[in-house]
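# Need the 3D shape of this:
(one chain, ligands or ions: 1)
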Amino acid sequence: MRGAVLYGPRDVRFEERDTPKILKPSDAIIRISATCVCGSDLWPYRGIQKIEQPIPMGHEYCGIVEEVGSAVRSIKPGQFVIGSFFASDNTCPNCNHGYQSSCQHREFVGDAQAPFLRVPLADGTLVSTPDAPPEDMISSLLTVSDVMGTGWFAAAAANVKPGSTVAVVGDGAVGLLGVLSAKQMGAERIIAMSRHESRQKLAREFGATDIVTERGDEGVARIMELTRGIGVDSVLECVGTQESMMQAIQSTRRGGYVGYVGVPHGVELYGEKLFFAHVHLHGGPAPVRHYLPELIDLVWKGRVNPGRVFDLTLPLDQVAEGYRAMDERRAIKTLLRP
Ligand SMILES: [Zn+2]
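As a prediction, this is how the structure comes out:
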């Protein structure tokens with residue numbers, strides 16, 4: 001089969017790779033229905049995160065089970081399934097606390113931009129849909145594999161509740177789905193921080209009530225202006241830079257919550273600033289597996305349509321163009337079909 005391999009900065013190739021096989025009795029092989037490019041794929045793509053050797057790419061996936069190992073019980077060939085970027089047993093203490101992305105036996109699933117994928121710990125990792133999904137639902141089901149699950153975790157970690165006032169830092173696909181998640185959780189006012197017209201439009205469609213175009217200290221000042229100098233109850237930090245993290249902390253009201261899901265690059269927090277900020281901080285790699293049943297159900301019943309974040313769909317063999325379009329911010333998120 002052929003799949004995506006990153007060789008170095010801005011060098012993604014679609015080339016021959018070994019077709020995955022069952023390696024352990026708890027594995028499953030799935031035939032990919034759809035995969036995509038993640039904002040976090042852009043860190044190594046841009047050379048900000050160094051790679052030692054060519055690496056296969058892709059960690060968001062859904063598809064049909066092709067084959068299962070001898071120890072797999074609940075997952076069966078023919079099912080349409082969705083999994084997370086971390087395989088998890090779903091039985092260890094960390095999983096039981098709802099943190100499957102910190103499973104004691106977790107394994108990263110990182111080669112999904114391909115026609116076939118091996119998923120370890122299949123029973124713990126994969127969740128099947130009630131039936132074969134209609135074609136127009138596949139993009140939304142794909143989002144719950146990571147980007148929607150991550151936006152949802154950001155809102156949950158930021159303690160969004162009915163009536164909350166929320167700010168979302170970052171207008172990438174995760175930030176936009178953070179807006180959608182906050183809306184679903186009953187937030188009354190949702191301030192999206194974005195300076196791009198097409199993203200502002202989608203943020204409004206997903207439930208944003210206000211748009212703030214300023215960044216950094218000016219962004220904080222604008223949030224304070226909108227909240228009579230108090231700050232918001234909940235901030236979703238969906239970028240991962242020093243500026244975005246400080247913007248999130250400083251926009252939060254005393255006693256409020258920051259849910260941070262942007263993978264940090266060069267973020268340093270100072271004890272004294274944290275001490276006097278009086279905020280709750282909670283974040284990390286989203287425990288997507290924890291939310292899969294709930295989010296699949298929301299998509300299945302047509303309550304949410306997170307697949308709207310895909311504004312570019314390409315055949316998998318054009319994966320390099322998919323990366324370029326996102327790198328140059330011509331696309332919010334690229335869907336790839338094998
Ligand atoms: Zn576990």
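# near the ion, which residues of the stretch 101-250 of the chain?
For the stretch 101-250 of the chain, the contact set with the ion under CB under 5 Å from the ion comprises residue 103. (C-beta placed from N, C-alpha, C; glycine too.)
# Following the chain past whichever strand or helix holds residue 258, name the next helix or strand.
Counting by DSSP states H and E, the element that carries residue 258 is strand 252-260. Counting by DSSP H and E, the next helix or strand C-terminal to strand 252-260 is helix 271-277.
# which stretches of the stretch 1-150 of the chain form strands?
For the stretch 1-150 of the chain, the strands defined by DSSP state E, counting those that start in this stretch cover 2-8, 11-16, 28-36, 55-56, 61-68, 80-82, 86-87, 107-108, 116-119, 127-128.
# Distance check, the residue positioned nearest the centre of the chain against residue 295.
Taking CA atoms, centre = their mean, the centroid of the chain lies closest to residue 147, which sits 2.3 Å from it. Separation of residue 147 from residue 295 (CB to CB, to the nearest Å): 11 Å.
# cool, residue 3 as well?
From residue 3 across to residue 295, the span is 26 Å (CB to CB).
# repeat for residue 170
Per CB to CB, residue 170 is found 20 Å from residue 295.
# now residue 297: how far from the ion?
Look at residue 297 and the ion: by CB to the ion, to the nearest Å, they are 22 Å apart.
# Dump the C-alpha coordinates for stretch 63-71 into CSV.
In CSV, the C-alpha atoms belonging to stretch 63-71 read as follows (Å, rounded to 0.1, in the frame of the first residue of the first chain):
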residue,chain,number,x,y,z
GLY,A,63,-13.0,2.9,9.0
ILE,A,64,-14.2,-0.6,8.7
VAL,A,65,-12.6,-3.5,10.6
GLU,A,66,-10.9,-5.8,8.3
GLU,A,67,-9.4,-8.3,10.7
VAL,A,68,-8.9,-8.8,14.4
GLY,A,69,-6.4,-10.7,16.6
SER,A,70,-7.3,-13.8,18.5
ALA,A,71,-7.8,-12.0,21.8
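# Now it: buried residues?
By neighbour count on 16 or more other CB atoms under 10 Å, the buried set for stretch 63-71 is 63, 65-69.
# Test my guess that residue 263 contacts residue 42.
No - using CB atoms under 8 Å, residue 263 is not in contact with residue 42; the gap is 10.4 Å.
# Now do the helices in this structure.
Ranges of helices in the chain, per DSSP state H, are 42-45, 93-96, 122-125, 138-143, 147-157, 173-184, 197-206, 216-226, 242-251, 271-277, 288-300, 319-327.
# and residue 297, how many residues sit next to it?
Using other CB atoms under 10 Å, residue 297 has 13 other residues around it.
# For the ion, see how far away the spatially closest residue to residue 75 that is not a sequence neighbour is.
With CB to CB, 6 or more residues apart in numbering as the criterion, residue 75 has its nearest non-adjacent residue at 4.7 Å, and that residue is residue 122. Counting by CB to the ion, the gap from residue 122 to the ion is 14 Å.
# Would you mind measuring from residue 122 to residue 240?
Distance from residue 122 to residue 240, counting by CB to CB: 30 Å.
# Residue 100 now?
Distance, residue 100 to residue 240, by CB to CB: 21 Å.
# Show me which of these two is the more surrounded one.
More crowded of residue 100 and residue 240, by other CB under 10 Å: residue 100, with 28 against 22.
# Looks like the more buried one contacts residue 83 (just checking).
No - using CB under 8 Å, residue 100 makes no contact with residue 83, being 10.4 Å away.
# Show me what counts as buried in stretch 149-161.
Using 16+ other CB under 10 Å as the test for burial, stretch 149-161 gives 149-161.
# and it, average pLDDT?
Mean per-residue pLDDT for stretch 149-161: 98.
# do stretch 198-213 as well
Here the average pLDDT along stretch 198-213 is 97.
# quick revisit: can you show me the CA trace of the strand holding residue 258 as CSV?
Extracted C-alpha coordinates of strand 252-260, given in CSV (Å, rounded to 0.1, in the frame of the first residue of the first chain):
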residue,chain,number,x,y,z
THR,A,252,-10.0,34.3,33.1
ARG,A,253,-12.0,35.7,36.1
ARG,A,254,-10.8,35.0,39.6
GLY,A,255,-11.7,31.4,40.4
GLY,A,256,-12.3,30.6,36.7
TYR,A,257,-10.9,27.8,34.6
VAL,A,258,-8.5,27.4,31.8
GLY,A,259,-8.7,24.2,29.7
TYR,A,260,-5.5,23.9,27.6
